[in-house]
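> Next input, structure requested:
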Amino acid sequence: MAITRAEVRRIAALARLRLSDEEAALYEGQFGGILELVAEVSALDTSQTAATTSVLGLSNVMREDVPQPFGEPERLLALAPESADGYYKVKKVLP
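Residues are numbered from 1 along each chain as shown. The predicted structure follows:
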């Protein structure tokens, strides 16, 4: 499937990019190659292929989430640029 120089320029305009004539010619060829590969993949029969989210067969190993007390909150507060009454002091975010 071919893509025209005008189509390349339209895509560039949508992406708010300015392309030189050399860049437009380069991308014209590259986009054409990408579209040919997509057409090849689209032509493959995948009706017998099971849906998968990963081909690696890995799964996440999670530890049990057990809350634990932190014995020295003062140490963490000491690292903050500002604190007040045992809390971090931050700038107001909402109006």
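> Quick check, pLDDT for the residue of the chain positioned farthest from its centre.
Distance to the chain centre peaks in the chain at residue 85, reaching 39.5 Å (criterion: CA atoms, centre = their mean). What the model reports as pLDDT for residue 85 is 90.
> ok, now the one 4 residues further on?
pLDDT recorded at residue 89 is 91.
> Would you map the helices across the protein?
Assigned by DSSP state H, the helices in the chain fall at 5-14, 21-42, 73-79.
> Mean neighbour count and mean pLDDT added to these, as CSV?
In this view, the C-beta of every residue, glycine as well, is placed from N, C-alpha and C. Formatted as CSV, those follow (neighbours: other CB atoms under 10 Å; pLDDT from 0 to 100):
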stretch, mean neighbour count, mean pLDDT
helix 5-14, 13, 94
helix 21-42, 12, 93
helix 73-79, 10, 88
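> can I get those helices in JSON lines with distance to residue 48?
Below are the helices of the chain laid out as JSON lines (distance: least, CB to CB, whole Å):
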{"stretch": "helix 5-14", "distance to residue 48": "35"}
{"stretch": "helix 21-42", "distance to residue 48": "16"}
{"stretch": "helix 73-79", "distance to residue 48": "56"}
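> between those helices, which gets nearest to residue 67?
Taking CB to CB, helix 73-79 is the member of the helices of the chain nearest to residue 67, at 14.4 Å.
> Just the CA coordinates for stretch 38-54, please, in PDB.
Extracted C-alpha coordinates of stretch 38-54, given in PDB (Å, rounded to 0.1, in the frame of the first residue of the first chain):
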ATOM      1  CA  VAL A  38       0.700  -4.400   8.300                       C
ATOM      2  CA  ALA A  39      -1.100  -5.700   5.200                       C
ATOM      3  CA  GLU A  40       1.000  -8.900   5.400                       C
ATOM      4  CA  VAL A  41       0.200  -9.500   9.000                       C
ATOM      5  CA  SER A  42      -3.500  -8.700   8.400                       C
ATOM      6  CA  ALA A  43      -3.600 -11.400   5.600                       C
ATOM      7  CA  LEU A  44      -2.500 -14.100   8.100                       C
ATOM      8  CA  ASP A  45      -5.100 -16.600   9.300                       C
ATOM      9  CA  THR A  46      -5.300 -16.200  13.000                       C
ATOM     10  CA  SER A  47      -8.700 -18.000  13.500                       C
ATOM     11  CA  GLN A  48      -7.000 -20.900  15.300                       C
ATOM     12  CA  THR A  49      -4.700 -18.800  17.400                       C
ATOM     13  CA  ALA A  50      -5.700 -18.400  21.000                       C
ATOM     14  CA  ALA A  51      -5.800 -14.900  22.500                       C
ATOM     15  CA  THR A  52      -2.900 -14.100  24.800                       C
ATOM     16  CA  THR A  53      -1.700 -11.200  26.900                       C
ATOM     17  CA  SER A  54       1.900 -12.500  27.100                       C
END
